[in-house]
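Enquirer: Dropping the sequence and predicted coords here.
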Amino acid sequence: MRYALGLLLVGLGSLGWETPGLAHGVHIQHRVISGIEIQARYDSGEPMQAAQVSIYAPGNPSDPWLKGTTDAEGRFRFTPDANQPGNWEVKVRQAGHGDIVSIPVAAMDGPMAGEPATVPSASLMKQPGELSPVKHWVTIAAVVWGFIGTALFFSRGKR
């Protein structure tokens, strides 16, 4: 009976079942409107309501260029200075959770120099549910360690 239970546990573990974590990771997405709009959400999909937002200009990464808070949907809009091309850093924090995203802004020349700067349409953030390489390998190591521990437990015999 013990071996049947062990085989059942090993079989279920080898299927690689994945459950969502309950910790609050943060994902920030942005899109170009008449400026830039970001949307911050926890891993669960819940918006980060009233989260602190700090915008840093490319030339001054230590002092915030703009500060504010997200709305009820976790959104925040701003129009970067078109005369400061480069990577604008957007930091969103709430209750110890947060993330930083770098948004490239191109230099504006010609007749549209007064218009908001543009950002490439592809999001720089990984998609929700996608594991970073470090988390991926830690998960694999934990599964392997679980197999080894289970095998050692059942191989010890009666005492």
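Expert: Sure thing, it's come through. Numbering: from 1, shown residues only.
Enquirer: buried set for the helix or strand harbouring residue 40?
Expert: Here residue 40, judged by DSSP states H and E, is contained in strand 35-42. For strand 35-42, burial by neighbour count (16 or more other CB atoms under 10 Å) applies to 36, 38, 39, 40, 41, 42. Quick note: C-beta positions are derived from backbone N, CA and C, even for glycine.
Enquirer: Which helix in the chain has the most residues?
Expert: The residue-count maximum for a helix in the chain (DSSP state H) belongs to helix 133-155.
Enquirer: what about dumping the CA coordinates of it to PDB?
Expert: In PDB, the C-alpha atoms belonging to helix 133-155 read as follows (Å, rounded to 0.1, in the frame of the first residue of the first chain):
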ATOM      1  CA  PRO A 133      14.400  32.300 -16.300                       C
ATOM      2  CA  VAL A 134      15.500  32.300 -12.700                       C
ATOM      3  CA  LYS A 135      12.000  31.300 -11.400                       C
ATOM      4  CA  HIS A 136      11.800  28.700 -14.100                       C
ATOM      5  CA  TRP A 137      15.100  27.000 -13.000                       C
ATOM      6  CA  VAL A 138      14.200  27.300  -9.300                       C
ATOM      7  CA  THR A 139      10.900  25.500 -10.000                       C
ATOM      8  CA  ILE A 140      12.700  22.700 -11.900                       C
ATOM      9  CA  ALA A 141      15.200  22.400  -9.100                       C
ATOM     10  CA  ALA A 142      12.400  22.200  -6.500                       C
ATOM     11  CA  VAL A 143      10.600  19.400  -8.500                       C
ATOM     12  CA  VAL A 144      13.900  17.400  -8.800                       C
ATOM     13  CA  TRP A 145      14.600  17.800  -5.100                       C
ATOM     14  CA  GLY A 146      11.100  16.600  -4.300                       C
ATOM     15  CA  PHE A 147      11.600  13.500  -6.400                       C
ATOM     16  CA  ILE A 148      14.900  12.800  -4.700                       C
ATOM     17  CA  GLY A 149      13.400  13.300  -1.200                       C
ATOM     18  CA  THR A 150      10.500  11.100  -2.000                       C
ATOM     19  CA  ALA A 151      12.700   8.300  -3.300                       C
ATOM     20  CA  LEU A 152      15.000   8.500  -0.300                       C
ATOM     21  CA  PHE A 153      12.000   8.400   2.100                       C
ATOM     22  CA  PHE A 154      10.500   5.300   0.500                       C
ATOM     23  CA  SER A 155      13.900   3.500   0.100                       C
END
